[in-house]
Every structure is written in structure tokens, then in C-alpha cells.
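Engineer: turn this into a structure:
(one chain, ligands or ions: 1)
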Amino acid sequence: MSAVLQNPAGTAMRLEGVSKSYGVVKALDDVSIELRKGEFLTLLGPSGSGKTTLLRAIAGFIRPTAGRLLIDGRDMTGVPPQKRNIGMMFQDYALFPHMTVLENIGYPLETRGIRRAERETRGMEMLEIVGLAHCAKRYPKEMSGGQQQRVALARALVFRPDIVLLDEPMAALDKKLRGQMQIEIMHITRQVGATVVSVTHDQEEALVMSDRIAIFKDGRLEQIGTPHELYLQPRSEFVADFIGEANLLRGAVRSTGEGTVVEGDGWTASLPPGDPRSEALAKVRKACVVLRPERIHAVAAGSETENAGVGVIEDKIYLGVEYRLVVRMNDGGKVNLRSRDVASVAGMNAGDRIGMAWTVDDIVVIGA
Ligand SMILES: Nc1ncnc2c1ncn2[C@@H]1O[C@H](COP(=O)(O)OP(=O)(O)OP(=O)(O)O)[C@@H](O)[C@H]1O
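Structural biologist: The predicted structure is shown next:
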């Protein structure tokens, strides 16, 4: 199919130490990222962390204060937006109301001097891909929100851009449609082999759609990795807390003859001798243990072993497939626990003391 982008393996984009300052505000601070062709990267982070600034720098709307941007091996740092081969889809879609769907999709081809017959052929191919071939002659106002979004996506892809930028692509859709469109957009962009950079606030959207996620904080790239890597090996408390649900237990580090222990009031996490995580703790006195709620097992109080804790159940909530327990630790901190082991949790109630156990493989330790 000729609408499929020609994307041999290789690097689509390289950001080298990109910074952007507005007065004293460092909107972007020394960001380096390499994006592979055909990759779907999501920029995720709290409000004001620099995601939009980076998207705009890639598009060419702002010029970095420092650093370089290479697209397909060429330095594009100072090149204006219209001279970059970049597709964009905005949260309000920005479709032209006076043009039909097919004319909207053909527009970027028209500005590139492509004749009507080819515009229509390529436009129809894109409409097939997004499942809207039957809507070619309609106007945007005659389409639903999800359909308009697919037209906008088709328009962003039709001229085979080097990179497609999606700015909060789901923001205008209701929750149910959002879940459906996340999967559709992911399939369509993969089908045509597009290289995508998407910005979102929505953690779930990032997890569903991305090959890799770049997590931003205060203009800095905190961590970049596959959803799986970020979930299993967060390198900071910030990332652990941002991706998925995390319990962060902060404790003191102690070296024993049998390894390294991180402990707090009523809980311990023990790493065996030679565990590579111990090395990271060799020079610190305090550390944070990251424990995912589904990795903690509820056990009878008093039966805990070395990777374990005790507390008091504050809330017990039945969620159909699982129980959620909120446990108050001795130091007043709360731990969330999710259990599908209905039998072990059934007899436990709010106010009861509870033991919690985990295995050494279930924890991530971050030196403070
Ligand atoms: N044109 C500008 N002038 C001055 N400061 C700016 C400008 N654009 C962005 N900033 C600042 O740069 C920082 C990063 O902003 P940016 O819009 O990139 O964040 P964001 O992560 O996209 O946030 P949001 O999720 O709210 O859209 C913020 O502190 C913001 O106030």
C-alpha cells in the first residue's frame, strides 16, 4: 500500500542537550533523546514540566536556547516549521469547516504542490486506513468527535511526514471513546509505520499507546523507557509514583553480614549478599523501598518474615475482582494493598492488625 511510510530501521530524530529558557524559567533543561523510526514516544509529566515546549521545539515553533535537533540525520535546529516534514494533530483537531473530509485530508498535499488526482487517491487510501472511506464527501460538522479525530490523524499522516506530533490527542473525547481511540490511533500509526511523539497528562494513555515513555519533571528528562521498564525499574521516587500505583516506604539502610537491610518502624526489606541493588545503597544511610500494591501479600499478623511489615487495616474495599486494603503503618504512613486472594483477606477487617509479606524480587530500592 503506497500510503505506508517508507521507514527503514534507523534513527528518526535526535535531541542533543536541548534547553529552552524563558528568563529564569528553564522550560527544558539539557534534554537528550534518540527516537527510532516507527517508534511511538509519549512525553508524560505534570503540568509545567516542559512537554509542550519540547513538542513545539520539534515542530520548529520555538528555537532552543541550547542544543541541537536532528531529524533523519540533518540538523534542523534553526529550520522553520514549514520546512520540516512534520505532521501535527492538535487536541481541537483544527479541521477546516468549509472543506469536505477528503479536501481536508488532501490539504497538506495541495500545499506541497501535488495534483488533485493524486491528492484524491492518497486521501482515499488514508480514509480507508482510518475506516472512514464512506465519509469522504461529508463536512467536519457532520462527523462525530471520534470521526473528526480520525480525519485529523489522516491529515497528519497523508504526506508521509518524518515525525507526527500529537498534542493531547484525546483531550476532547469522553472517557469511553478515549479508551477506544487510544487503541485505534496506536494501530493506525503502527500500520503506516509513522514515527510519533505524543504529549499527554494521562498515564493510562501513555501506557496503552507507547513503545517508550519519556517522563519529565521541571524541564528535565527524569527517565525514558518502555512502559514495562518504567513500572518495574523506576530510578526515582518521582517515576515510581508517576507510573502505576506505588507504595513508597522510606527507611534506614543497614549493612549486615547477610546483606543489606532497609528498615522502618514495623517493616524491613532485606537484600541478600551480592544483590546488585546493595551496591547502590553502599554509600547512603536512607533509602526508599518501592512496593507495588499487587505485590504485597496479606498474612496473619506475627507470621511475617524478613521482607515484611505490620500495620492496622484502615479500609477494606471490595472491587469485584479484588480487595483493596489501606493499611496504616506504625509511623502513620499508609500502604495500599490489592489482593485477589479472597480467602486470605476474607476474615480481615478494618481495625485488625495485619501482616504484609513480599519477596525480594518484588521491591525496587532507591537510595536517598
Ligand atoms: N512562552 C513562554 N513564556 C514564558 N514561560 C513559558 C512559556 N512557555 C512555557 N513557559 C514555562 O515553561 C515551563 C514548561 O511549560 P510547558 O508548557 O512546556 O509545560 P507542559 O509540561 O506542557 O505543561 P502542561 O501539561 O500544563 O501543558 C512552565 O514553567 C511554563 O510556565
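Engineer: how near is Gly146 to the ligand?
Structural biologist: Gly146 sits 23 Å away from the ligand when distances are taken as Cβ to the nearest ligand atom, to the nearest Å. Placement of C-beta: from N, CA and C, glycine included.
Engineer: interface residues of this protein facing the ligand?
Structural biologist: Contact residues, the chain versus the ligand (Cβ under 6 Å from any ligand atom): 22, 25, 27, 45, 47-53, 201.
Engineer: farthest pair in the residues you listed?
Structural biologist: Farthest apart among those by Cβ to Cβ are Tyr22 and His201. That separation is 20.9 Å.
Engineer: compare these two and say which is more crowded by neighbours.
Structural biologist: Relative neighbour count places His201 above the other of Tyr22 and His201, with 15 against 10, counting by other Cβ atoms under 10 Å.
Engineer: is it true that that one touches Pro169?
Structural biologist: No. Judged on Cβ atoms under 8 Å, His201 makes no contact with Pro169 at a distance of 11.7 Å.
Engineer: element containing Gly193, please.
Structural biologist: Remark: Gly193 resides in no helix or strand, with elements defined by DSSP states H and E.
Engineer: next one: Gly311
Structural biologist: Taking DSSP H and E as the criterion, the element that holds Gly311 is strand 308-318.
Engineer: output the below-cut-off pLDDT ranges for the stretch 1-150 of the chain.
Structural biologist: 1-9 (pLDDT under 70).
Engineer: ok, now with 50
Structural biologist: Low-confidence regions of the stretch 1-150 of the chain, defined by pLDDT under 50, span residues 1-2, 4-8.
Engineer: identify the bridge partners of Val31.
Structural biologist: When bridges are assigned using DSSP bridges, the partners listed for Val31 are Val18.
Engineer: which ones are touching Glu314?
Structural biologist: The neighbourhood of Glu314, defined by Cβ atoms under 8 Å, 6 or more residues apart in numbering, consists of 326-328, 334, 350.
Engineer: starting at the chain centroid, how far to the strand holding Gly311?
Structural biologist: When C-alpha coordinates are averaged (Cα atoms, centre = their mean, to the nearest Å), strand 308-318 and its chain have centres 30 Å apart.
Engineer: before we move on, what about stretch 228-243?
Structural biologist: 11 Å.
Engineer: would you mark the buried spots in that stretch?
Structural biologist: Of the residues in stretch 228-243, 230-231, 234-235, 237-240, 242-243 count as buried by neighbour count, 16 or more other Cβ atoms under 10 Å.
Engineer: gap between the two ends of that stretch?
Structural biologist: Taking Cα to Cα, to the nearest Å, the span from the opening residue of stretch 228-243 to its closing residue is 10 Å.
Engineer: quick one: contacts of that stretch?
Structural biologist: The list of residues contacting stretch 228-243 from outside it, by Cβ under 8 Å, 6+ apart, reads 44-45, 203, 207, 213, 215, 217, 222-223, 225, 227, 244, 246, 248, 288, 290, 292, 364, 366.
Engineer: again, only using 10 Å
Structural biologist: With contacts defined as Cβ atoms under 10 Å, 6 or more residues apart in numbering, stretch 228-243 is touched by 44-46, 203, 206-207, 210, 212-218, 222-227, 244, 246-248, 250, 280, 288-292, 364, 366, 368.
Engineer: ditto for stretch 69-79
Structural biologist: When contacts are defined by Cβ under 10 Å, 6+ apart, stretch 69-79 is touched by residues 10-16, 18, 34-35, 37, 54, 57-58, 60, 63-64, 66-68, 83-86, 161-163, 195.
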